[in-house]
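# sequence? don't have it. structure:
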């Protein structure tokens, strides 16, 4: 088991390097001069050149990347051009909002999507199956930002049941979580349904039924465990997707998360903050989520354990 985890951690290293290099190069190709942003629009060229020298922006791009990654290894993402605060502390202060939003969306999707998938598989071609499939297709096709605006219009403005934005209380997470969770619910439902249909046709399921086991026990204990393996893959991918989708959701609902921070920093050309947010999302979050899913695989699927004994 330890060999499996160690192997997965080693596989993360080239992913971290590749993604961070790609993000760094894309940011460097965007128009605008960070030194001009720091100096202000009325600063003369001598001042701008001095700031560019202090920030190391006159070095070759690859040298800037090496210096940045060296700082990253020591937990230093640089300072914000607009606030002067360390980028790491700026991201860390907003990360809880983004994580709560993403995992609340996953929770909504899991609690609705997986039971619907099980029902659709066990009641194949029934009215419930057709309705669930229709709802899943609708959820996949519906843009998150449009759904968010509609939920605000109905539940915040017309009914007044929930706040339209902000996180002054736990109620502020309900509409954003539902907005994020709808698309993921559809994916979980479809994946669970197809996986369950494949598993319940296996010989060992027929054997369990022939022994007189209760149908609920057959489905929940014997079929669902094996059917969950592809579902866990989708859950891991959806966590990363929902964290990325939080950028749009936080903008729609005015949530003070990492997504909102990144949007504001892009508008202000605050390069260190944008780079820190993107690397945090793309490298730390996605890689760690995938690592967690891989480890979870090993506990659920005995075949993976046996390969590393």
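Yep, that arrived. A quick note: this is a predicted structure, and the numbers were derived from the prediction, not measured. Residues are numbered from 1 along each chain as shown.
# my guess is residue 77 is in a helix, correct?
No. Residue 77: not assigned to a helix; according to DSSP: H, G, I helix; E, B strand; the rest coil it is coil.
# so what's it up against?
Each residue near residue 77 by Cβ atoms under 8 Å, 6 or more residues apart in numbering is listed here: 71, 86-88, 91, 272, 275-276, 279. C-betas here are computed from N, CA, C, even on glycine.
# hmm, try it at 6 Å
Shown in contact with residue 77 (Cβ atoms under 6 Å, 6 or more residues apart in numbering): 87-88, 276.
# what's the closest non-adjacent residue to it?
residue 87 (3.8 Å; Cβ to Cβ, 6 or more residues apart in numbering).
# Enumerate every residue touching the one you found.
Contacts for residue 87 (Cβ under 6 Å, 6+ apart) come out as 77-78, 80, 272-273, 276.
# and with 8 Å instead?
Residue 87 touches 77-80, 272-273, 275-276, counting by Cβ under 8 Å, 6+ apart.
# between the residues you listed, which is nearest residue 226?
Of all these, residue 276 has the smallest distance to residue 226: 40.9 Å, by Cβ to Cβ.
# The closest one touches residue 78, doesn't it?
Yes. The criterion here is Cβ atoms under 8 Å, and residue 276 meets it with residue 78 at 7.4 Å.
# Between the two, which has more neighbouring residues?
It is residue 276, of residue 276 and residue 78, that has more neighbours when counted by other Cβ atoms under 10 Å, with 25 against 19.
# just how off-centre is the helix or strand hosting the more buried one within its chain?
Following DSSP states H and E, one finds residue 276 within helix 271-279. Remark: helix 271-279 is offset 16 Å from the chain centroid, using Cα atoms, centre = their mean, to the nearest Å.
# who does that helix touch, helix- and strand-wise?
Counting contacts by 3 or more Cβ pairs under 8 Å, 6 or more residues apart in numbering; DSSP states H and E, helix 271-279 is packed against helix 2-29, helix 87-122, helix 258-268.
# Report the contact partners of residue 219.
Counting by Cβ under 8 Å, 6+ apart, the residues that residue 219 touches are 118, 122, 196, 200.
# Contact partners for the second one?
By Cβ under 8 Å, 6+ apart, the contact set of residue 122 is 196, 200, 219.
# Mind putting those residues into JSON lines with distance to residue 55 and secondary structure?
Compiled in JSON lines, the contacts of residue 122 are given as follows (distance: Cβ to Cβ, whole Å; DSSP: H, G, I helix; E, B strand; the rest coil):
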{"residue": "196", "distance to residue 55": "56", "secondary structure": "helix"}
{"residue": "200", "distance to residue 55": "61", "secondary structure": "coil"}
{"residue": "219", "distance to residue 55": "61", "secondary structure": "helix"}
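# that older thread, nearest to residue 24 among the contacts of residue 87?
residue 275 (6.5 Å).
# what's the pLDDT at the closest residue in space to that closest one that isn't next to it in sequence?
Counting by Cβ to Cβ, 6+ apart, residue 275 lies nearest to residue 27, which is 5.7 Å off, once chain neighbours are set aside. For residue 27, the model assigns a pLDDT of 77.
# Fine, thanks again, bye for now.
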